[in-house]
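*Asks:* predicted model, plus sequence, below.
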Amino acid sequence: MKQEKRPRLTGKPTGRPSSYTEEVAGEICERMMQGKGLLQICSNEGMPDRVTVYRWLDANESFRNRYARAREAQMDFYAEQILAISFDESGDILIDQDGDRSKAVANHAKVQRDRLKVDSLKWTASRLFPKRYGDKMELLTAAADAGESKTLTISWLKTTPDVGPPERYEPPRQIPYRKPELPADLTEQDWSVMLEVLELVKRTVPTNDERPPAEIFGVLKAALLAHFAE
C-alpha cells in the first residue's frame, strides 16, 4: 500500500541563539554603536530574537549596563548623521536646460527628503536619550509627571543700583514702536506710488527670476519712456 506523503511544515528558521553569551551580547552592542537598531540587528542571521534580547536584559545587569552605553553611543552616531546630512549640499541645485539657456534651480525634493531624515533622527534621539537630546520643556513636564521637584524661576535684574531699595527689581522697559519717517524729499503720495510699484513687481516678476534688480527696473523704465513718448 502506497503511503501518503505528509506536507513539510515551514516555520521560523532555526539557528537563533537563545542562551546568553558574551560574544553575542558584545556583537549586539557593537552594531548598535554603528547606528543599527535592535529590530535590524535581530533580523540578521545568527542573532537572537528581540524577545530573547529583552529577556537577557532583565536577567543580566552587566549586559544592561553595556546595552545602555551602546544606546548612548548610538544617539551620538545619530547626532553626527544629522550634521552630515545638514551640511551635505550635493544635489541641492539642479541645472534646468531650456534650449541654449540654462539656469540653476533648487532641488526641492532632495531638500525635503533631507529634512525628513534629520527630523526622524532628531525625534529618535530625543525619545531614546532625552537627558541629552530632549527638549527642555518636555524634560520639565516629564519630571513633574514623575513627581520630581523641578522649579523654573524667572527674575528681573536690577537696572540701576541707585533707584529703590536693594530688594526692588524692575522688568525691562518695552521699546515703543515708532513709525519710520519718510524721506524728506518724498511726500506721502509719492511713497504710496512707490509701494504700488513694488507690489506690482512682486506680483509680476517670477520668484525664480535671477536677473538683478537693476535689470528689472530697467524694464520698467523702458516701458514708461515708451508709453509717454507716444
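*Replies:* Sure, I can see it.
*Asks:* next SSE after the helix or strand of the chain with the lowest mean pLDDT?
*Replies:* In the chain, no helix or strand scores lower on mean pLDDT, DSSP states H and E than helix 136-145, which sits at a mean of 56. The first helix or strand that comes after helix 136-145 along the chain, using DSSP states H and E, is helix 188-204.
*Asks:* please save the CA atoms from that next one in CSV.
*Replies:* Taking Å, rounded to 0.1, in the frame of the first residue of the first chain, the C-alpha atoms of helix 188-204 are listed here in CSV:
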residue,chain,number,x,y,z
GLU,A,188,3.1,110.5,1.4
GLN,A,189,1.6,110.3,-2.1
ASP,A,190,5.0,109.7,-3.7
TRP,A,191,5.6,107.0,-1.1
SER,A,192,2.3,105.4,-1.8
VAL,A,193,3.1,105.2,-5.5
MET,A,194,6.4,103.6,-4.8
LEU,A,195,4.7,100.9,-2.7
GLU,A,196,2.3,100.2,-5.5
VAL,A,197,5.2,99.8,-7.9
LEU,A,198,7.0,97.4,-5.6
GLU,A,199,3.8,95.3,-5.2
LEU,A,200,3.4,95.3,-8.9
VAL,A,201,7.0,94.0,-9.3
LYS,A,202,6.3,91.2,-6.7
ARG,A,203,3.2,90.1,-8.4
THR,A,204,4.6,90.2,-11.9
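*Asks:* any idea of the mean pLDDT for that helix?
*Replies:* For helix 188-204, the mean pLDDT works out to 81.
*Asks:* any residues touching whichever helix or strand comes after that helix, and which ones?
*Replies:* Beyond helix 188-204 on the C-terminal side, the first helix or strand identified by DSSP H and E is helix 213-229. Residues outside helix 213-229 that contact it (CB atoms under 8 Å, 6 or more residues apart in numbering): 197, 201, 205, 209. For glycine as for every other residue, the C-beta is placed from the backbone atoms N, C-alpha and C.
*Asks:* for the host helix or strand of residue 62, which positions count as buried?
*Replies:* Here residue 62 sits within helix 61-87, counting by DSSP H and E. Buried residues in helix 61-87, counted by 16 or more other CB atoms under 10 Å: 63, 66, 67, 70, 72, 73, 74, 75, 77, 78, 79, 82.
*Asks:* how about a markdown table for the residues you listed, with distance to residue 41 added?
*Replies:* Shown next, in a markdown table, are the buried residues of helix 61-87 (distance: CB to CB, whole Å):
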| residue | distance to residue 41 |
| --- | --- |
| 63 | 14 |
| 66 | 14 |
| 67 | 11 |
| 70 | 11 |
| 72 | 17 |
| 73 | 14 |
| 74 | 11 |
| 75 | 16 |
| 77 | 14 |
| 78 | 16 |
| 79 | 20 |
| 82 | 22 |
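*Asks:* middle-most residue in this structure, spatially?
*Replies:* Geometric centre of the chain, nearest residue: residue 119, 3.8 Å, by CA atoms, centre = their mean.
*Asks:* and it, that's in a helix?
*Replies:* Yes - assessed with DSSP: H, G, I helix; E, B strand; the rest coil, residue 119 lies in a helix.
*Asks:* for burial, what's the neighbour tally of residue 21?
*Replies:* Other residues lying near residue 21 total 11 when counted by other CB atoms under 10 Å.
*Asks:* make that residue 186, sorry
*Replies:* For residue 186, using other CB under 10 Å, the count is 12.
*Asks:* excluding chain neighbours, what is closest to it?
*Replies:* residue 194 (7.6 Å; CB to CB, 6 or more residues apart in numbering).
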